[in-house]
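S.K.: predicted model, plus sequence, below.
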Amino acid sequence: MLHAARAVRGIVTAPHNLASQAGLSVLRDGGNAIEAMVAAAAAIAVVYPHMNTIGGDGFWIVHEPGGPPVGIDACGAAGGAVDDALYAGAGLAAIPSRGPLAANTVAGAVSGWNAALDISAKWGGKMPLGRLLEDAIWYGREGFPLSGNQFHSVEKKRDELKAISGFADLFLTNNREGAKFSNPRLSATLADLAKNGLDGFYRGALARKIAADLADAGSPVTLDDLASHRAQLVTPLSVKLSSGRVYNMPPPTQGAASLMILGLFERLGVTEADGFDHIHGLVEAAKQAFLLRDAHITDPSCMTENPADWLTDDFLDATANRIDPARALPWPHTSAPGDTIWMGAIDGQGRAVSYIQSIYWEFGSGVVLGDTGIVWQNRGSSFSLTDGARNRLAPRRKPFHTLNPALALLGDGRTMAYGTMGGEGQPQTQAAIYTRHVDFGQDLQQAVTAPRWLLGRTWGDETMTLKLESRFDPALVQALQAVGHNTEIVEPFSDLMGHAGAVVRHADGGLEGATDPRSDGGVAGF
């Protein structure tokens, strides 16, 4: 059995080993958890470009012992000229999922790095930005071995994306697992940021270059849209459990749903991991949470409900009473795919980071900016053009986000940062990992490696069944079918189940971390 990696002075986990190593090198040089995460985030934007880039969004939860966790919302809004008329003029009844008209929101990730480094400075962080971006710049310029995950993603999406601006030049040349892959234009963009500051992505000479690239590609995002963007510090949502308090991001993310699932499941009284009661209970808790999420969560400026109200004892008690322990609530329900990376870091002083960075679908919009080498997200393709829709398109409105990094402060003194990619699957995988490790005492790596399930659809998939990896006991599958679950068996260690990870700091200062065998990831500690 694989066990969690252990360390004492610092630890980083990421779904690509080179990103983990980039973060660890910063910790070894005296950097803190935020500085390590910026290094890892920049590196993974280069070495895992099908999953995320600096042309996407990001969300942070950071925690320093003795203080409350802090959230950073680095989500970009729709451009100021992105409205119904834009799509009607193009003869479109819906926003396309790919191409330049899907690249309709500002990329907020870099602004989140900047906001996080402001917090780092208050912690005493002094590492130069050039040092933090050093590995990313080198890999972009000199190249790195193309991952199997990238190779298979390119082949799967080749026909869909090959005609989109810039895609073929970057991704279809020598797409071979293990071949050297580089992006010198992105390397030069990162070097510019290192020299002139991260704010240059939104204001200044580099911003003008990015805006010109976007215009050349046919995107409606303008220089004014970039200049109007700022990351926001926010107060995370939280739920109190018997094991401790768990934190997640407020809207426009689905963080409230992730917390609700844990609060509802605790009220079901399940005592063992991975049996019928565990899987059925979490699936049914997810259904209740998703019904509320899909009815209400969007740009917080457009909401009338306060999701913090869904996390109170009275509300969770009443909602848990609607869960039938012996019958599945009829499903499906509408959902959305997604594509993301999650990473975690804890330094020797116990400061912890849970971070998620995304371009929405694999390769985002598919648009690769010609001069700057940035792959731009398609998060805004999730907007609806239908009046009355929850996620209705409007200029400068934030889209609904599946992204939600989690952090727990446990009653026994442990701090746990955890998360995953996987769109609809993110809250479900978070619940699987948390309950297996915290409630039922499984080793952290075992909790990540163990077979997983997915209600609904996620990255690369469209069906709405309850998907179960084939490693589950067939008797368990039969029991789930018998109570009304519409099951589908998928391959073991399926990408559909996301790329998860977790890091934990124990009360005695010991550190441990886990990475997902479904990814190209690694845990790096010392």
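M.R.: Okay, I see it. Numbers count the residues shown, from 1 in each chain.

S.K.: and stretch 393-409, how far out from the chain middle?
M.R.: 10 Å (Cα atoms, centre = their mean, to the nearest Å).

S.K.: mind listing what's buried along that stretch?
M.R.: 393, 396-409 (16 or more other Cβ atoms under 10 Å). The C-beta positions use only the backbone N, C-alpha and C, and glycine is treated the same way.

S.K.: restricting to C-alpha, output that stretch in CSV.
M.R.: Only the C-alpha atoms of stretch 393-409 are listed here, as CSV (Å, rounded to 0.1, in the frame of the first residue of the first chain):
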residue,chain,number,x,y,z
LEU,A,393,-24.5,36.8,-19.6
ALA,A,394,-24.0,40.5,-18.9
PRO,A,395,-21.0,42.8,-19.4
ARG,A,396,-18.5,42.8,-16.5
ARG,A,397,-20.4,39.9,-14.8
LYS,A,398,-18.4,37.0,-13.2
PRO,A,399,-19.3,33.5,-14.4
PHE,A,400,-20.2,30.7,-12.1
HIS,A,401,-17.1,28.7,-11.1
THR,A,402,-16.7,25.1,-10.3
LEU,A,403,-13.4,25.9,-8.7
ASN,A,404,-13.2,25.6,-4.9
PRO,A,405,-10.0,25.0,-2.9
ALA,A,406,-10.6,23.6,0.6
LEU,A,407,-8.8,24.0,3.9
ALA,A,408,-9.6,22.4,7.3
LEU,A,409,-8.6,23.4,10.8
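
S.K.: still on that earlier bit, let me know the closest of the buried residues of stretch 393-409 to residue 380.
M.R.: residue 399 (5.5 Å; Cβ to Cβ).

S.K.: OK, contacts around that closest one?
M.R.: 75, 78, 105, 252, 299, 379, 380, 382, 383, 391 (Cβ atoms under 8 Å, 6 or more residues apart in numbering).

S.K.: which one of those is nearest residue 261?
M.R.: Nearest to residue 261 among those, with distances taken as Cβ to Cβ, is residue 252, at 18.5 Å.

S.K.: separation between the closest one and residue 76?
M.R.: Distance of residue 252 to residue 76, computed by Cβ to Cβ, to the nearest Å: 11 Å.

S.K.: what touches both of those two?
M.R.: residue 398.

S.K.: on that earlier part again, turn the contacts of residue 399 into CSV, columns for neighbour count, secondary structure and distance to residue 119.
M.R.: Output for the contacts of residue 399, formatted as CSV (neighbours: other Cβ atoms under 10 Å; DSSP: H, G, I helix; E, B strand; the rest coil; distance: Cβ to Cβ, whole Å):
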residue, neighbour count, secondary structure, distance to residue 119
75, 31, coil, 18
78, 26, strand, 27
105, 33, strand, 25
252, 27, coil, 21
299, 21, coil, 24
379, 33, helix, 24
380, 27, helix, 28
382, 21, helix, 29
383, 24, coil, 31
391, 20, coil, 30
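
S.K.: check the residue nearest to residue 270 when sequence neighbours are not counted and give its pLDDT.
M.R.: Leaving aside its sequence neighbours, residue 270 sits nearest to residue 277 (Cβ to Cβ, 6 or more residues apart in numbering; 4.6 Å). pLDDT, residue 277: 98.

S.K.: alpha carbons only: can I get the helix or strand hosting residue 277 in PDB?
M.R.: If you go by DSSP states H and E, residue 277 is part of helix 276-296. What follows is helix 276-296, C-alpha atoms only, in PDB (Å, rounded to 0.1, in the frame of the first residue of the first chain):
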ATOM      1  CA  PHE A 276     -22.900   1.300   0.800                       C
ATOM      2  CA  ASP A 277     -23.700   3.800   3.500                       C
ATOM      3  CA  HIS A 278     -20.600   5.800   2.800                       C
ATOM      4  CA  ILE A 279     -21.000   6.100  -1.000                       C
ATOM      5  CA  HIS A 280     -24.800   6.300  -1.000                       C
ATOM      6  CA  GLY A 281     -24.700   8.900   1.700                       C
ATOM      7  CA  LEU A 282     -22.200  11.200   0.000                       C
ATOM      8  CA  VAL A 283     -24.000  10.900  -3.300                       C
ATOM      9  CA  GLU A 284     -27.300  11.800  -1.800                       C
ATOM     10  CA  ALA A 285     -25.800  14.700   0.100                       C
ATOM     11  CA  ALA A 286     -24.300  15.900  -3.100                       C
ATOM     12  CA  LYS A 287     -27.700  15.900  -4.800                       C
ATOM     13  CA  GLN A 288     -29.200  18.100  -2.100                       C
ATOM     14  CA  ALA A 289     -26.200  20.500  -2.200                       C
ATOM     15  CA  PHE A 290     -26.300  20.600  -6.000                       C
ATOM     16  CA  LEU A 291     -30.000  21.500  -6.100                       C
ATOM     17  CA  LEU A 292     -29.300  24.600  -4.100                       C
ATOM     18  CA  ARG A 293     -26.100  25.400  -5.900                       C
ATOM     19  CA  ASP A 294     -27.700  25.200  -9.300                       C
ATOM     20  CA  ALA A 295     -30.700  27.300  -8.300                       C
ATOM     21  CA  HIS A 296     -28.800  30.200  -6.700                       C
END
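
S.K.: confidence-wise, which helix or strand of the chain is lowest on average?
M.R.: Sorted by mean pLDDT, DSSP states H and E, the helices and strands of the chain end with strand 339-347, the least confident at a mean of 90.

S.K.: still on that earlier bit, which of the residues in the helix or strand just after the helix holding residue 277 are buried?
M.R.: Going down the chain from helix 276-296, the next helix or strand is helix 313-320, by DSSP H and E. By 16+ other Cβ under 10 Å, the buried positions in helix 313-320 come out as 315, 316, 319, 320.

S.K.: cool, and stretch 263-277?
M.R.: 263, 264, 265, 266, 267, 268, 270, 273, 274, 276, 277.

S.K.: what's the offset of it from the middle of its chain?
M.R.: Counting by Cα atoms, centre = their mean, stretch 263-277 comes out at 26 Å from the chain centroid.

S.K.: ranges for the strands of the stretch 151-300 of the chain?
M.R.: In the stretch 151-300 of the chain, strands defined by DSSP state E, counting those that start in this stretch lie at 180-181, 232-234, 237-241, 244-248, listed in chain order.

S.K.: can I get the strand or helix carrying residue 358 in CSV? Just the C-alpha atoms.
M.R.: Applying DSSP H and E as the criterion places residue 358 in strand 352-360. Extracted C-alpha coordinates of strand 352-360, given in CSV (Å, rounded to 0.1, in the frame of the first residue of the first chain):
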residue,chain,number,x,y,z
ALA,A,352,-0.8,26.7,4.5
VAL,A,353,-2.1,27.4,1.0
SER,A,354,-4.9,25.7,-0.9
TYR,A,355,-4.9,26.9,-4.5
ILE,A,356,-6.8,26.2,-7.7
GLN,A,357,-6.1,27.5,-11.2
SER,A,358,-8.1,26.8,-14.3
ILE,A,359,-8.9,27.5,-17.9
TYR,A,360,-12.3,25.7,-17.6
